[in-house]
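# sequence first, predicted model second:
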Amino acid sequence: MLRLYNTLSKRLEPFTPLQADQVSMYACGPTVHDYAHIGNFRTFMFVDLLRRYLKFKGYKIRHVMNITDIDDKTIRKSQEQGIPLKEYTELYTRYFLEDLTTLGAELPEHIVPATENIPEMIDLIKRLEANGHTYVSEGSVYYRIASFAEYGKLSGAKLAGNVAGARVDVDEYDKEDARDFVLWKAAKEGEPFWETPYGRGRPGWHLECSAMAMKYLGESFDIHCGGVDLIFPHHENEIAQSEGATGRQFVRFWLHCEHLLVEGQKMSKSLGNYYTLRDLLKLGFSASAIRLLLLSVPYRKQLNFTLETLRGMETRVKKLSDFRRRLKGAPTVDSADTELLLAIAEARKAFEDALDEDLNTSAALAAVADFETSINRALAQGSLSLECKERALRLLSEFDAVFGVLALQSDETESLDEEILRLIEERTAAKAAKNYARADEIRRYLFERGIILEDTKTGVRWRRV
RNA sequence: GGCGGUGUAGCCAAGUGGUAAGGCCGAGGUCUGCAAAACCUCUAUUCGGCGGUUCGAAUCCGCCCGCCGCCUCCA
């Protein structure tokens, strides 16, 4: 039974979807003003793991992600660079989706830019207006949070006014209450705008998620996730907008991913610890190691990202990949091995139990490692039965259906060129003739060309460095 | 000022009352002509500090110290 921590109830709750076999989920996507950084990708990898695990549990998924392509940053940066807004945001949307794909994320069923759903947003404002939740000030439409009794139920934010010490948004003098938020922003000179019954303007940030989530998933749906920083005010405001319009529960499970730190510090450009995916790839790290690192710590814990750990993950991925290769090519014996069959079954149970408990990926990966050792032991003894081999391969692919790490590694069915094949044969012959000097010379030569030879009981094997 | 999280070996970390998972690094060994890979063994008497509760605490309580976050755009 899968249990998930619901920010709304602040408790672990057994997860069941509204529809027996299908999960509806919405995940807040990026604001496409720049390349996303690895902190962003931690959250997106968490969402990917969630959807993959829900599939593992047998559910079909209907998953929506928004693309915020109209806001202060996208407008400002596109203007600074003299590029039309749409062109600018389409470029960074493309980069973002490329990065997601590089990291092996399954793409959501619906990826929707905010600007393609303006009519839905206007309709939502109309419903809120009809229910008395809005007011107009200086050409903008605001949400009056005092009109929504349950405001604060997600974040625990109190309705009381500003507390001494809190930073105050000096720009918002035109609101009735400092915490009211804008639904529709009156157009400023030189900014993109839409013609609406509320005048020329553009949508407030929070509006798009409510409008688009309900458009694609209905007024009530199962899961909404994002980073912890979105709990307040973004998700709190989404609840106010959605439930204020429909009178129904908007989201059943709110899931929030903790932030990642780099070398124990908050990632920031001034500290020089700010990495995009592309920065790390340029440093020579693989997408699979980055993905594994981002998934290696349970999503509700802060993850301390270090390059040392990433190097370790690189080794880990190589070992796993090599393990798969050896397992696939392993010869089998006739005898049954009930003990190993039991170990395989236990590994699968440990894996599922770990993920059932609010997606404890650390514990799940420990189960994978234990499984790997059990099989390697049998492999080393040459005592793997056909049944064990088949079950082990099946389990390995189940593990990877969730973690998606090996899927990013080539299965290396590539072939070598003839000269190298000839050299390998020559070395085998030299070795048989006990001409070790020549054999080692060839091995060194191939190593310098990135090919490692391994002598095994069943003959020589090669692999890339 | 309000609210919240967290501190476990060189590094990343699981573990929320029953006597410290796992990974990476490191040391030794087995196998090998030598390697590589794999396997085996070792690597925190101890969980930020000090008190307390308990038969028993990394796990509960109190105080102190450190780090991170939300209250403003933010994954």
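The structure has been received and is ready for your questions.
# partner residues bridging A:Pro14?
Counting by DSSP bridges, A:Pro14 forms beta bridges with A:Arg3.
# can you check the pLDDT for it?
A:Pro14 is assigned a pLDDT of 95 by the prediction.
# next, count neighbours for it.
9 (other C-beta atoms under 10 Å). Every residue, glycine included, has its C-beta placed from N, CA and C.
# now A:Arg179, nearest residue through space, not along the chain?
Sequence neighbours aside, A:Ile145 is the residue nearest to A:Arg179 in space, at 5.5 Å (criterion: C-beta to C-beta, 6 or more residues apart in numbering).
# same check, this time on A:Ala367
A:Ala350 (3.8 Å).
# cool, and A:Tyr35?
With C-beta to C-beta, 6+ apart, the residue lying closest to A:Tyr35 is A:Thr276, at 4.4 Å.
# for the nearest residue to A:Ile38 once chain neighbours are set aside, what are its contacts?
Leaving out its chain neighbours, the residue that sits closest to A:Ile38 by C-beta to C-beta, 6+ apart is A:Tyr275, at 5.0 Å. Neighbouring residues of A:Tyr275 by C-beta atoms under 8 Å, 6 or more residues apart in numbering: A:His37, A:Ile38, A:Val262, A:Met267, A:Phe305.
# ramachandran coordinates for A:Tyr275?
phi -120, psi 130 (degrees, to the nearest 10).
# distance of it relative to A:Gly264?
15 Å (C-beta to C-beta, to the nearest Å).
# before we move on, what about A:His234?
27 Å.
# neighbour-wise, which of those two wins?
The residue with more neighbours, out of A:His234 and A:Gly264, is A:His234; 18 against 10, by other C-beta under 10 Å.
# how close does the residue nearest to that one when sequence neighbours are not counted get to A:Leu230?
Nearest residue to A:His234 in three dimensions, chain neighbours excluded: A:His206, at 5.8 Å (C-beta to C-beta, 6+ apart). Computed with C-beta to C-beta, the distance linking A:His206 and A:Leu230 is 10 Å.
# who touches both of those two?
Counting by C-beta under 8 Å, 6+ apart, nothing touches both A:His206 and A:Leu230.
# how about the residue of chain A found nearest RNA strand B, phi and psi?
Taking C-beta to the nearest atom of the strand as the measure, the point where chain A comes nearest RNA strand B is A:Gly227, at 1.6 Å. Per-residue torsions, A:Gly227: phi -80, psi 160 (degrees, to the nearest 10).
# so what's it up against?
Contacts of A:Gly227 (C-beta under 8 Å, 6+ apart): A:Cys28, A:Asn40, A:Thr43, A:His256, A:Cys257, A:His259.
# for RNA strand B, tell me which of the residues you listed show up nearby.
Among the contacts of A:Gly227, the residues lying close to RNA strand B (C-beta under 7 Å from any atom of the strand) are A:Cys28, A:Asn40, A:Thr43, A:Cys257, A:His259.
# narrow these to those in strands?
A:Cys257 (DSSP state E).
# whichever strand or helix holds the residue nearest to A:His234 and RNA strand B in contact?
Assessed by DSSP states H and E, A:His206 sits inside helix A:205-217. Yes. Counting by C-beta under 7 Å from any atom of the strand, RNA strand B is contacted by helix A:205-217 at A:Trp205.
# return the distance of that helix from the chain's centre.
20 Å (C-alpha atoms, centre = their mean, to the nearest Å).
# so what touches that helix?
A:24-26, A:28, A:62, A:64, A:66, A:68, A:71, A:110, A:112, A:114, A:117, A:120-121, A:123-125, A:181, A:183-184, A:221, A:224, A:233-234, A:237-238, A:241-242, A:245-246, A:250-251.
# average pLDDT for that helix?
96.
# same check on stretch A:395-407?
pLDDT averaged over stretch A:395-407 gives 97.
# so for that stretch, what gets flagged as buried?
Using 16 or more other C-beta atoms under 10 Å as the test for burial, stretch A:395-407 gives A:Leu395, A:Leu396, A:Phe399, A:Asp400, A:Val402, A:Phe403, A:Gly404, A:Val405, A:Leu406.
# repeat that for stretch A:263-275.
Buried, per 16+ other C-beta under 10 Å, within stretch A:263-275: A:Met267, A:Asn273, A:Tyr275.
# still on that earlier bit, distance of the residue of chain A closest to RNA strand B from A:Ala36?
Taking C-beta to C-beta, one finds A:Gly227 at 12 Å from A:Ala36.
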